[in-house]
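# Build me a model from this:
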Amino acid sequence: MIKKYKLSKLSLSLLGHLIMSFVIGAFTFGFLNTTAYALAEKAVTKGYSELNVVLEPKVVLMIEEICFIGAAVVFIVIFLYLVGQKLIYILEINEAIQKIEKGDFTYRVEVVGENELTEVACSLNNLAQMLENYIANEEQLKSERMELIQSLSHDIRTPLTAIISYTEFIKDKKYESEEKLEGYTSIIQSKAYQIKELTQMLFDYNKEAVAKVEGETLDGKVLVEQLLQEYQDILEEEDFQVEIDLKELVDFETSLNPQDMVRIFDNLVSNIIKYATPTQAIVFKVSLLDHTLSLVQMNKTDAGGKKEVESYGIGVKNIKQLAKKYKGTVELLGGEGVYQIEIKLSI
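Numbering: from 1, shown residues only. Presented below is the predicted three-dimensional model:
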């Protein structure tokens, strides 16, 4: 069986340039030849030369050679010009390859024509785009990893501080009854498990366990009430007065990750202990409207003003990152001497 050979598009393009150059060269030869004989005829007519001189073989041969040389020059110039465009394009592709080798993934080759060089240019541009996206994703993952480490490091300090405080209470026997002792040990155990879960989140980051919102549903109202009760006890141990408003909170099912909710409350309580005025009540108001859970926390501050709000720093940043997982928002409100934060989560 005879294998059919198919010319490449680039070969056909070069062949087309060759034929075009040849045609233009042939036309040039004909034009020069016709012009030369027309001039010779005019010279004979006006008596500048004799006919027999013009028709001499040497003169005819010289005219033919001059016309052929002129046509050959035109053929070569046009062919080299057309082929030169391909060579320049090849040099552009080579330059792009060198830039990519040096790490410049933003460089693109202009896509020209419809042949194999065009396909190479397209493939090279696609490769550069893929590498650029890969590097950008790596940078984003690196940034997210660092933010996660900072966030978890901050979140771990809150339960760790609680563990230290309650162990000191137990060590110094600052409890009034066995029930209080059991309550302290229960809190220490829950905070220890919380730290374990936070560190596990850090280890599981590369498995994308952190970014995934758990699909298991649970009783959202019970979760909120339990968390508020737990953190109310913690704040009261720190001599804060706590007011809780759940009038607008109805029963609801949710897929909110309990650990994320714990981290939100941890950051809120940590900031309260650091910056709130102990003599003024801490207010928590939780409501549910149009599948959006709203948590408002308000307290008085000593100094007041914008500077006091900015001092809440990384805690608020962590809350914003957690709210983002649930398409939520975080808004800082309040005025002079008053700090208020509103957290909204889609459930």
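# What is the helix with the most length in the chain packed up against?
Of all the segments of type helix in the chain, defined by DSSP state H, the longest one is helix 116-171. Judged by 3 or more C-beta pairs under 8 Å, 6 or more residues apart in numbering; DSSP states H and E, helix 116-171 is in contact with helix 9-45, helix 57-101, helix 178-203, helix 258-275, helix 313-325. Using the backbone N, CA and C atoms, a C-beta is placed for each residue, glycine as well.
# okay, the ones you listed, which one's buried deepest?
Neighbour counts (mean count of other C-beta atoms under 10 Å) averaged over each of those peak at helix 258-275, with a mean of 21.
# what angle sits between that helix and helix 313-325?
Counting by axes from the mean of the first three to the mean of the last three C-alpha atoms, to 10 degrees, helix 258-275 lies at 160 degrees to helix 313-325.
# for helix 258-275, packing partners?
helix 116-171, helix 178-203, helix 220-237, strand 292-300, helix 313-325, strand 338-346.
# okay if I get the ones you listed as CSV plus distance to Lys102 and mean pLDDT?
Below are these laid out as CSV (distance: least, C-beta to C-beta, whole Å; pLDDT from 0 to 100):
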stretch, distance to Lys102, mean pLDDT
helix 116-171, 12, 80
helix 178-203, 36, 77
helix 220-237, 54, 88
strand 292-300, 50, 93
helix 313-325, 36, 83
strand 338-346, 45, 92
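# Distance to Ala38 for those - can I get that in TSV?
Listed next are those as TSV, based on distance: least, C-beta to C-beta, whole Å:
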stretch	distance to Ala38
helix 116-171	44
helix 178-203	92
helix 220-237	100
strand 292-300	92
helix 313-325	85
strand 338-346	89
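# returning to what we had before: dump the helices and strands packed on helix 116-171 to JSON lines, plus distance to Gly220.
What follows is those, written out as JSON lines (distance: least, C-beta to C-beta, whole Å):
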{"stretch": "helix 9-45", "distance to Gly220": "63"}
{"stretch": "helix 57-101", "distance to Gly220": "51"}
{"stretch": "helix 178-203", "distance to Gly220": "19"}
{"stretch": "helix 258-275", "distance to Gly220": "9"}
{"stretch": "helix 313-325", "distance to Gly220": "15"}
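# Tell me which of the ones you listed approaches Glu114 most closely.
helix 9-45 (6.6 Å; C-beta to C-beta).
# and that closest one, average pLDDT?
Model confidence over helix 9-45, given as mean pLDDT, is 76.
# now stretch 243-259
The average pLDDT for stretch 243-259 rounds to 90.
# Could you check how far Glu132 is from Tyr107?
Distance, Glu132 to Tyr107, by C-beta to C-beta, to the nearest Å: 10 Å.
# Please apply the same query to Thr28.
Thr28 sits 41 Å away from Tyr107, going by C-beta to C-beta.
# Could you do Val222 as well?
For Val222 relative to Tyr107 (C-beta to C-beta), the value is 58 Å.
# Can you pick out the residue with more neighbours from these two?
Tyr107 (16 against 10; other C-beta atoms under 10 Å).
# which residues does that one contact?
By C-beta atoms under 8 Å, 6 or more residues apart in numbering, Tyr107 lies in contact with 96, 99-100, 128.
# next one: Glu92
Contacts for Glu92 (C-beta under 8 Å, 6+ apart) come out as 109-110.
# make it 6 Å
Counting by C-beta atoms under 6 Å, 6 or more residues apart in numbering, Glu92 touches Val109.
# Having no further points to raise, I will conclude here.
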